[in-house]
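Engineer: What follows is a protein structure lacking sequence information:
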């Protein structure tokens, strides 16, 4: 009778989310203002108005004529130079991208002379043709920002729903994000995760959801082939679909592209082999996992179980391959109160092995 049962695959590796956090959620704008005399202008009020969503901000130029305003949300803006309460020059449709600082300079001597007031980053006055080209680019960037906002809104809807295990809404959000911009690998990765989540919640549609998850992971991997998390999670879906050879190939790739975590991927590979009854390669995979990660307690336990599958019983005595008791002992050293501690002890007892502890007796005091 076999001494080993079916293994359960470990949880999928967490993905890097497509979310902007911290300072990356804001942008800034700065520049230099020159007065009618061509010299830097101190005390000019810079009126910054957001065009796509209501928002108004103001800042004054310093003694060098420089202004800076940070903490702005991404969007399209109108920037106006106000002197003595009067609007003297402005630039409309200025795109400000999240995580970036937009440079925008003004020269009022050009404005009052009827020439081009807005200047480029180097301070060079723009010609009419340059200004037309700039306005064209501004419109294109504004459109890109609108697209980016739609993408993030849809993605965040998906994330919020997924966090609440509302899988239908999560799938809808991520699907919409994928329609807005299909080049974002994290959108497809999260969509795949949502399908996996729903497959567990509603077993009746499991097969269809796993197929959709596999398709989404394929899209993520096509964009970012060196992401071990996608390869690992895709392999776990393939294993559930009983496509074990394909699962093995993906886990092998994961170990190759992410050597520091290779032990985890070889553990998963061993689990795939066990669940298909291929104990010889399972043993090799678990052994490789502990070689790569000597502190991987669960890998030692499963390695011990895979060796026990080869044990023989003669006259009530169990004889296991060399290294079996040591594997269980190592598990107990690393996880003395782990979920498999009692099983490990029972396995060792069946082989007549003594469980070693780290307990040391206190020396007897001399009288």
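Structural biologist: Happy to help now that I have it. Source: prediction; values computed, not measured. Numbering: from 1, shown residues only.

Engineer: Strands of this protein, residue ranges please.
Structural biologist: All strands of the chain, identified by DSSP state E, fall at 27-34, 45-50, 55-60, 66-72, 75-83, 86-96, 101-103, 105-107, 118-119, 312-314, 317-319.

Engineer: where are the low-confidence patches of the stretch 51-200 of the chain?
Structural biologist: For the stretch 51-200 of the chain, residues meeting the criterion pLDDT under 70 lie at 53, 98-99, 111-148.

Engineer: swap that for the stretch 251-367 of the chain, sorry
Structural biologist: 357-367.

Engineer: Tell me, domain by domain, which residues of this protein belong where.
Structural biologist: Domains of the chain are assigned by automatic domain parsing as 22-122+129-135, 184-350.

Engineer: returning to what we had before: let me have the strands of the chain in a markdown table, extended by distance to residue 206.
Structural biologist: Placement of C-beta: from N, CA and C, glycine included. Listed next are the strands of the chain as a markdown table, based on distance: least, Cβ to Cβ, whole Å:
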| stretch | distance to residue 206 |
| --- | --- |
| strand 27-34 | 44 |
| strand 45-50 | 47 |
| strand 55-60 | 47 |
| strand 66-72 | 46 |
| strand 75-83 | 43 |
| strand 86-96 | 45 |
| strand 101-103 | 49 |
| strand 105-107 | 60 |
| strand 118-119 | 59 |
| strand 312-314 | 39 |
| strand 317-319 | 39 |
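
Engineer: out of those, nearest to residue 249?
Structural biologist: Nearest to residue 249 among the strands of the chain is strand 312-314 (33.8 Å), distances taken as Cβ to Cβ.

Engineer: which other residues reach the closest one?
Structural biologist: 318, 319 (Cβ atoms under 8 Å, 6 or more residues apart in numbering).

Engineer: What pairs with that strand, parallel or antiparallel?
Structural biologist: Strand pairing for strand 312-314, determined by DSSP bridges: strand 317-319 (antiparallel).

Engineer: buried ones in the strand it pairs with?
Structural biologist: Neighbour-count burial for strand 317-319 flags residue 318 (criterion: 16 or more other Cβ atoms under 10 Å).

Engineer: Pull the distance from it to the chain's centre.
Structural biologist: Offset of strand 317-319 from its chain centre (Cα atoms, centre = their mean, to the nearest Å): 48 Å.
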